[in-house]
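Trainee: let me see the structure of the following:
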Amino acid sequence: MAEKAIKLEVEEQEELLPPREVAKRLRVVPKTVSRWADQGKLTPVFLPSGHRRYRASEVRAILNPPVTEIAPVEKVKGSEKA
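Mentor: This next block holds a predicted model:
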């Protein structure tokens with residue numbers, strides 16, 4: 001039972017954004033935010049009133065995706081021009 005209380009407390013401390021603010025940060029219309037949530041691209045947190053909010057950390061992750069290392073391209077013989 002204590003684990004659930006901690007989970008709720010942590011979730012309550014995280015910044016939650018309304019759809020309009022998410023849309024502003026991602027430069028899309030609010031309807032797109034709702035569609036992405038319906039498609040599973042964003043995870044909504046539902047308030048007791050039924051309204052959706054989104055974790056600011058998830059929005060930041062979309063704006064700043066992790067950088068992956070790109071393998072160097074090898075030159076193909078005969079493709080060089082003189």
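Trainee: okay, now the unreliable bits of this structure?
Mentor: Along the chain, the model assigns pLDDT under 70 to residues 1-12, 78-82.
Trainee: try 90
Mentor: Within the chain, the stretches with pLDDT under 90 are 1-14, 65-82.
Trainee: in it, which spans are helices?
Mentor: For the chain, applying DSSP state H gives helices covering 2-13, 19-26, 30-39, 56-63.
Trainee: reformat those helices as a markdown table; add mean neighbour count and distance to Ala71.
Mentor: Using the backbone N, CA and C atoms, a C-beta is placed for each residue, glycine as well. As requested, the helices of the chain are exported to a markdown table (neighbours: other CB atoms under 10 Å; distance: least, CB to CB, whole Å):
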| stretch | mean neighbour count | distance to Ala71 |
| --- | --- | --- |
| helix 2-13 | 9 | 38 |
| helix 19-26 | 18 | 30 |
| helix 30-39 | 15 | 31 |
| helix 56-63 | 13 | 24 |
